[in-house]
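# quick check, what structure comes out for this input:
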Amino acid sequence: MSLTGEQGIRLAFFFGVLTVIAVWEVVAPRRPLTDSKGRRWFTNLSLVVIDTAATRLILPILPVGMAIMAQERGWGILNTPLLPFWSRVVLAVVVLDFVIYLQHVLFHFLPIFWRLHRMHHTDLDFDVTTGNRFHPVEILVSMAIKLAAVSLLGAPAMSVLIFEVALNATSLFNHGNIRMPVSLDRWLRHAVVTPDMHRVHHSVNPRETNSNFGFNLPWWDRLCGTYCPQPERGHAGMTIGLKEFRDPTLLTLPRLLIQPFVRKPF
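Numbers count the residues shown, from 1 in each chain. Below you'll find the model as predicted:
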């Protein structure tokens, strides 16, 4: 598999899903926005550029490249001919998704990681660009975890590409400020994390913030007891964000980048 081709596929899915969800948000929004959309979009999309540049500059290899290396060197428990190729692909995608679920839980409950991750939760609104609002140090830590998981698993390169594309696409989808029929949401929740399911995770209520950790597959929250079906105040009445960070004029890009390293909320 060509790494250039992989990057092209990921970019095509990113811009395609971003465009579809952004249009959906205009046509059928779930909630009115409370903060400046222009300022938020500039901040959140700028973080995509910064995070991508940091990853490319600091890490010598990305997950698909690691999968290719593992295959060439015989690393990992799935690097075996005993299982059919597509069985290994499906199994690897599911296991990698569970790893990301566990990582997300870890980033909430270990203070040193929460200081990185809380930036994602400081967004005062919840829309498609919130799915890109991550501190570059968190992205690097997350990438290191994925690289370790890919090498230990011996995940086929095809499975890693599918996982990376799906994770990126579903992150944009489940952060969408989009309205869909309740019956459709109820059905979709059995297969994928929906916006109404994930929005609960962005509630200002700490109990709700510490629930619904899944990004892609919705099963882990139910199996691990972290599932919360609906916010206490309903989707129209819930408050998005964190209690400590409510002033939108202080949630600018420079301040967000230094936020993990300051002692007190500004």
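# okay, CA-based contacts and neighbour counts for the rest of this
OK.
# quick check: which ranges of the chain have low pLDDT?
1-4, 264-266 (pLDDT under 70).
# mind doing that once more with 80?
1-6, 263-266 (pLDDT under 80).
# farthest from the middle of it: give me that residue.
Going by Cα atoms, centre = their mean, the residue of the chain most distant from its centre is L82, 32.8 Å out.
# which of the three states applies to that residue?
Here L82 is recorded as coil under DSSP: H, G, I helix; E, B strand; the rest coil.
# next, give phi and psi for it.
Dihedral angles of L82 (phi, psi; degrees, to the nearest 10) stand at phi -70, psi -30.
# how far away is it from R88?
L82 sits 10 Å away from R88, taking Cα to Cα, to the nearest Å as the criterion.
# swap in D125?
The value you get for D125 to R88, if Cα to Cα is used, is 39 Å.
# overlap of the contact sets of L82 and R88?
With Cα atoms under 8 Å, 6 or more residues apart in numbering applied, the contact sets of L82 and R88 do not overlap.
# look up the closest residue to A236, ignoring the ones flanking it.
R31 (6.2 Å; Cα to Cα, 6 or more residues apart in numbering).
# secondary structure class of that neighbour, three-state.
Once three-state DSSP is applied, R31 turns out coil.
# that one and M238 touch, don't they?
No. R31 is beyond contact range of M238, at 10.0 Å (criterion: Cα atoms under 8 Å).
# surely A149 touches L96?
Yes. Contact criterion Cα under 8 Å: A149 and L96 qualify, at 7.1 Å.
# returning to what we had before: list the contacts of the residue nearest to A236.
Going by Cα under 8 Å, 6+ apart, R31 touches 177, 235-236.
# likewise D127?
25, 175-177.
# from V23, how far off is it?
D127 is 11 Å from V23, by Cα to Cα.
# just R73 next, same as before
Separation of R73 from V23 (Cα to Cα): 45 Å.
# do F213 as well
26 Å.
# in terms of neighbours, single out the busier of those two.
F213 (25 against 13; other Cα atoms under 10 Å).
# quick check on the more buried one: phi, psi?
Main-chain dihedrals, F213, degrees, to the nearest 10: phi -80, psi -10.
# how close does T249 get to L33?
Where L33 is concerned, T249 sits at a distance of 16 Å (Cα to Cα).
# more neighbours: these two, which one.
Between T249 and L33, counting by other Cα under 10 Å, L33 is the more crowded of the two (13 against 10).
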